[in-house]
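Enquirer: got a predicted model here, sequence first, then my questions.
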4 protein chains.
Amino acid sequence: MLRYLTAGESHGPGLTAILEGIPAGLPLTQDHIDLELARRQLGYGRGGRMKIEQDRAEITSGVRAGYTLGSPITLNIANKDWKNWQQIMAIEAGAGITEAITQPRPGHADLAGGLKYAQRDLRNILERSSARETAARVAVGAVCKQLLHCFYITIISHVVEIGNVGADSGVLTPLQIMEAAEKSSVRCADQKATGQMMKAIDQAKADGDSVGGIFEVIATNLPVGLGSHVHWERKLDARLAGALMSIQAINGVEVGLGFEASRRFGSQVHDELFYDTNQHGFYRKTNTAGGIEGGMSNGENIVMRAAMKPIPTLRKPLSSVDIITKKPFPAARERADICAVPAAGVIGEAVVAFELAQAVCEKFGGDSLAEIKRNYMGYMEQVEKF
Amino acid sequence: MLRYLTAGESHGPGLTAILEGIPAGLPLTQDHIDLELARRQLGYGRGGRMKIEQDRAEITSGVRAGYTLGSPITLNIANKDWKNWQQIMAIEAGAGITEAITQPRPGHADLAGGLKYAQRDLRNILERSSARETAARVAVGAVCKQLLHCFYITIISHVVEIGNVGADSGVLTPLQIMEAAEKSSVRCADQKATGQMMKAIDQAKADGDSVGGIFEVIATNLPVGLGSHVHWERKLDARLAGALMSIQAINGVEVGLGFEASRRFGSQVHDELFYDTNQHGFYRKTNTAGGIEGGMSNGENIVMRAAMKPIPTLRKPLSSVDIITKKPFPAARERADICAVPAAGVIGEAVVAFELAQAVCEKFGGDSLAEIKRNYMGYMEQVEKF
Amino acid sequence: MLRYLTAGESHGPGLTAILEGIPAGLPLTQDHIDLELARRQLGYGRGGRMKIEQDRAEITSGVRAGYTLGSPITLNIANKDWKNWQQIMAIEAGAGITEAITQPRPGHADLAGGLKYAQRDLRNILERSSARETAARVAVGAVCKQLLHCFYITIISHVVEIGNVGADSGVLTPLQIMEAAEKSSVRCADQKATGQMMKAIDQAKADGDSVGGIFEVIATNLPVGLGSHVHWERKLDARLAGALMSIQAINGVEVGLGFEASRRFGSQVHDELFYDTNQHGFYRKTNTAGGIEGGMSNGENIVMRAAMKPIPTLRKPLSSVDIITKKPFPAARERADICAVPAAGVIGEAVVAFELAQAVCEKFGGDSLAEIKRNYMGYMEQVEKF
Amino acid sequence: MLRYLTAGESHGPGLTAILEGIPAGLPLTQDHIDLELARRQLGYGRGGRMKIEQDRAEITSGVRAGYTLGSPITLNIANKDWKNWQQIMAIEAGAGITEAITQPRPGHADLAGGLKYAQRDLRNILERSSARETAARVAVGAVCKQLLHCFYITIISHVVEIGNVGADSGVLTPLQIMEAAEKSSVRCADQKATGQMMKAIDQAKADGDSVGGIFEVIATNLPVGLGSHVHWERKLDARLAGALMSIQAINGVEVGLGFEASRRFGSQVHDELFYDTNQHGFYRKTNTAGGIEGGMSNGENIVMRAAMKPIPTLRKPLSSVDIITKKPFPAARERADICAVPAAGVIGEAVVAFELAQAVCEKFGGDSLAEIKRNYMGYMEQVEKF
């Protein structure tokens, strides 16, 4: 049973996550996490804040001398800019909050949140709804990736579309995609498309506009049988879809061929089965299913895509209504990101990592890394001898 | 806290669901549920079994004299064809099971499930992974719809694409869409497209092939503020996406503009805010967000689409491998549906109904219908006076 | 992740339970369950209904040819007396319910439930709050016991006190206690105390009164390390205490020495540690901790006791108030049990069995019995070599 | 849905808790929490560490300008003595940990935890199993108390037995008990017993021994209908019992008369019902049920008791076995508390506060304090007019 909670306002003292259920004996250092935090902060088209932050995750529990203890892991990501926000975001009563935000931005949580929580200073909503929160999820995902590595599972992502520019990762292996994407300033494995995507971002910037896009997450080397068909919310695709959709500004998710599959004939979609003892037994030559059949990993790579809408905070203002005066106003912009798709891919890896780590823990039980590995090895042998 | 479990094998004695958390005092009869079960069984392109079944849900707990008691509700859907399966699917030990299924169908849970659960008779997997299970979810959803009706919330669905034939529901209101879809043999609100879709199904049938498609679920009249931005798995879009993705053969889900939004500029996507006391206050003229902002309902219609791959059981056989002999064979077909998209839409309504009913119960608390309604009314007034 | 829901009113058509998470490959027949249901119905001092019922659990899902499938297991316990209640407890609307129960019984859910759920016919509460519901939990527990048996874990119970008569099970082993208790008409392992307890029951009956008592549940042969110290609600004693306290009329629970321990000096309470390779390594000569240290099983027998208050339905009436007239009345009795402690012990076994089975599934993961056993064996070897 | 996670090792950098689900608009400052943390640290018979700590909870999220935001609340309790432990408890790899703890203390998590988590330095277990962790739970409980205060619910505790010395709080009201207990150095409302308890502690100290005891938690002014009879784990007594049993060294829990009730006749136990419009309607003159009937609050005070075993770390050593050498040794003591019962009472209040706050949130829904209060008031009126 792996679970976590995150907390923290965007301009508060910092973000905190507690991750409970990681087995004992996993090698874990702050560097593992900071690397992922840094990856989240990269990407062409981001605004100014990314430079301020240089996020670092301090581990304050659950780890000793570089190894996990089996106890809950606390991850703290301090807000480097906190000193400039101490008054506006003061915790204590009586703080001198002078100006309320009363102008909701379309496409954000502002108005719905204000109405739901009865808050007339919309800062009280947007501080938590901000995508800043995803830094905590990336930190949690980094720990989960560390666990998955012990089972040889790798999770990568790459951008496959930005501002209507599509990429072609064609014949590349996941490893090659990862390498190419890490070098691309938009995390795209297709060098040519990278240039065009940057141009699309530049154009949007020039126009005071923003662009969205699509990223793909690939998980390799999964054992067959993560997730389950026996009950709806144990299905791996359902869990992964929920996790990806929970990322800010994501409004579409697909597995394998996804929407495209719905437009083909059955005979053009499915993945025929083959057997070869040199291929670890059963295998497929195609992967239209994206690695999941019947809600379970089938041993092929898991391939999912998520669509991100363009950031709804624009220099080009949208019409909105002040919640106090009820008068129209041109919607303010809180930040200046033009495109967040490259970062979203890194966040996508993190949430997929958590779901897969949870599925591994459910499938293999165990409280120490050695125990889970032993259970895993026993299962892999069972599968091979099936 | 609304929750449910379903149980039952496709050819076993029947399906059972227990739904826990429905408040007391809700009018509920078997007819409410049977109506939805019947809707699930319709649709051009279904195979023979649909005629046998004529599903009916017997309520055996949680209801008295037509009203819910607040206690768990049991729904039993007997398998009308059980007499023909009593030997093959016998519960008791020593039953005369003569022939194991050893030939996994590509695109199904068969092989992954067999490996995971160490079952060498694949019937032990496919009986539960079958979409037959969704009848139980439709029954649960019917109860949830009944609850939602008390808050004037309606959930409809319609087919928007089958076999590459798209529909245009253009200027129709949700109510008009519902009426048109209920009359269409493929549950499509566009009469012209209906004909073309039927032709596509006919063609696939003639070719021994199958077709997929896309359905849309629309929920109307939602209060603002269901779901929450404060923690990732409380986000309404994440929950709805997980629920829709958990339906058999669904491999893509989107909210509002979905994937299309990722291809537009920010200025072309978002929904500007307006205010008019004659419009119940805040409103929007567009709904590209599909009724959800920041993980919360924003008061507009919730609009989601799900993509269904073509049914992977074909008359035109696929290559597979026998799990005992490890020899290739042409994959068997267990049934003869050509297209299940119309039914999938009804199932989509059901799973959306459950998630929304759960969100209503979380938001408004309460143990009796009168109490929830009172809490709802108080909140609606709070929102109006905001 | 083992979980279950139960449903059913006391005089409705029947009780239903769905148990989700039992691995595939467990031998299971209705007889295993019916045996436990029969044990629940025994016991000196029960009223007339026990004879009517002769409970039997029909399995309608999750099992094929005597083995579990890994899918949810449905257990149905029909109400043999349903024909006499079809009108009063009719599910359908418009049924001829002539007489509401408006007189709450002290010590029952009647009044609190009526107020909470806004029900003015208290039958709508008491039908579910009735201890009849525990038959479903005993059925669930029977399946769990079956799983635990595969790990050599046995759960027994015996009555240690009734109506102020204490038993002395002194030097008996758990096995001997079980054998003795099964022969006793009050499920007490002390033959002499059995006679005195029966007399106490007779006396209470003669006086129109009722008696309570204390039962003890013992689980033997547990692996060390079920539950966990790392988070409060993962502690095995916390889970077991909650489960036992959830049984109707239980209002006290203790582990090991329990309340008695709080009255001793530290030096008189704790269990010193010894080591002997002939004793499977570490062992203790005493078990004041009741087999749980730091929220984990420590390898000794788990020993818990639960106190049951006397049944609050008396022939000797208590003062109450009619909810309609607000006039006092002498509280009605719905049944005639004098003492339910022996049955409560059987229910105690069941709820303990569920919690331990859940802990086993969490610790050892796995989807088939063979897999869990392999993981278990690996762990036992790890412990032995520690 | 109120939930929380705690994290932190006893001698690590600090403890952290994240509490998710507290509504917006609740007044909350660090002082509210620090007050409870201070109460936990008092009590005659505590060892030296209590003086070092002077716990303070820093709020780092979920609160702005003294009011909650509806977002997760982070509470950090720094370890004031961390500077002395930085090497032994270093997080980073390669830290100079020189000496492993290999000698498990009887009565603690040490051995079971070491075996479960495959840890041969038992510090890796005892740092988390330590009761130090309860400071985080007290902080969480303090926030919950703050919420409960808004519904006029007060939770108090007092020590009713230490080292076999019983207290008599006789005719005192809960308020008087609280006042008397706060003045007593053992948190006992009976002044005479206080002196005797202190003597028992002194005696134990002189003997190198420890003493346990019993505390009582009382919650006043609860609305009727928290918890539910409809499903076992929704029963309020089950939840409260689990919560109390999860406190370190607690091994017995009872509600109302508890074990004593099992020794009385039915006619001597139950609480007759009366009605008086001047008494807010239905009331009882006795409270043997401890405020809970059928798993629901019945409107009377909730009264629970928990038994704490004497602290198992003694100056007078117990026999144990070194896990490396397998040789016997006299068990080391890690600290010098003689009696922790007064502190345990404060922790008891905290865990009860969480469960009741959760039950309030479930019953009344709502996202802002104003909304919950409105729902509460509507329900109270409904109850009054019943």
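Expert: That came in fine, so what should we check first? Treat the numbers as computed from the prediction; the structure is a model and nothing was measured.
Enquirer: okay, CA-based contacts and neighbour counts for the rest of this
Expert: OK.
Enquirer: show me the shaky parts of chain A.
Expert: Low-confidence segments of chain A (pLDDT under 70): A:47-53, A:95-97, A:313, A:332-336.
Enquirer: just give the closest residue to residue A:347, not the sequence neighbours.
Expert: residue A:138 (5.7 Å; C-alpha to C-alpha, 6 or more residues apart in numbering or on different chains).
Enquirer: could you check how far the one you found is from chain D?
Expert: 18 Å (C-alpha to the nearest C-alpha, to the nearest Å).
Enquirer: equivalent analysis for residue A:206, please.
Expert: Distance, residue A:206 to chain D, by C-alpha to the nearest C-alpha: 36 Å.
Enquirer: burial measure for that residue, as a count.
Expert: 12 (other C-alpha atoms under 10 Å in any protein chain shown).
Enquirer: go on, the one 4 residues further on?
Expert: Around residue A:210 sit 32 other residues, with neighbours defined as other C-alpha under 10 Å.
Enquirer: looking at this, residue A:180 is in a helix?
Expert: Yes: the assignment for residue A:180 by DSSP: H, G, I helix; E, B strand; the rest coil puts it in a helix.
Enquirer: and the residue nearest to it when sequence neighbours are not counted, how far is that from residue A:337?
Expert: Counting by C-alpha to C-alpha, 6+ apart, residue A:189 is the residue found nearest to residue A:180 once chain neighbours are left out, at 4.6 Å. Note on residue A:189: its distance to residue A:337, by C-alpha to C-alpha, to the nearest Å, is 22 Å.
Enquirer: looking at those two, which one has more neighbours?
Expert: A count of neighbours by other C-alpha under 10 Å puts residue A:189 above the other of residue A:189 and residue A:337, at 27 against 24.
Enquirer: all the helices of chain A, in order from the start?
Expert: A:30-41, A:49-53, A:110-117, A:123-129, A:134-149, A:174-183, A:191-206, A:236-245, A:341-364, A:369-385 (DSSP state H).
Enquirer: tabulate the ones you listed (JSON lines), appending distance to residue B:355.
Expert: Formatted as JSON lines, the helices of chain A follow (distance: least, C-alpha to C-alpha, whole Å):
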{"stretch": "helix A:30-41", "distance to residue B:355": "31"}
{"stretch": "helix A:49-53", "distance to residue B:355": "36"}
{"stretch": "helix A:110-117", "distance to residue B:355": "18"}
{"stretch": "helix A:123-129", "distance to residue B:355": "21"}
{"stretch": "helix A:134-149", "distance to residue B:355": "24"}
{"stretch": "helix A:174-183", "distance to residue B:355": "36"}
{"stretch": "helix A:191-206", "distance to residue B:355": "37"}
{"stretch": "helix A:236-245", "distance to residue B:355": "12"}
{"stretch": "helix A:341-364", "distance to residue B:355": "20"}
{"stretch": "helix A:369-385", "distance to residue B:355": "34"}
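Enquirer: which one of those lies closest to residue C:44?
Expert: For these, proximity to residue C:44 was assessed by C-alpha to C-alpha; helix A:341-364 is nearest, at 44.1 Å.
Enquirer: now the angle from the closest one to helix C:341-364?
Expert: 130 degrees (axes from the mean of the first three to the mean of the last three C-alpha atoms, to 10 degrees).
Enquirer: end-to-end on stretch A:16-25?
Expert: 23 Å.
Enquirer: which residues touch that stretch?
Expert: Around stretch A:16-25, the neighbours that count as contacts under C-alpha atoms under 8 Å, 6 or more residues apart in numbering or on different chains are A:1-8, A:67-77, A:136-137, A:140, A:147, A:366-370, D:5-7, D:17-18, D:74, D:117-118.
Enquirer: drop anything exposed from these.
Expert: A:2, A:4-8, A:67-77, A:136-137, A:140, A:147, A:366-370, D:5-7, D:17-18, D:74, D:117-118 (16 or more other C-alpha atoms under 10 Å in any protein chain shown).
Enquirer: can you count the residues close to residue A:284?
Expert: The number of residues packed near residue A:284 is 19, by other C-alpha under 10 Å.
Enquirer: residues touching it, list them.
Expert: Here residue A:284 is in contact with A:271, A:272, A:273, A:274, A:300 (C-alpha under 8 Å, 6+ apart).
Enquirer: name the nearest residue to the first one, ignoring sequence neighbours.
Expert: Looking back up the chat, that one is residue A:271. Closest to residue A:271 by C-alpha to C-alpha, 6+ apart is residue A:286, at 5.4 Å.
Enquirer: burial of that neighbour, as a residue count?
Expert: For residue A:286, using other C-alpha under 10 Å, the count is 14.
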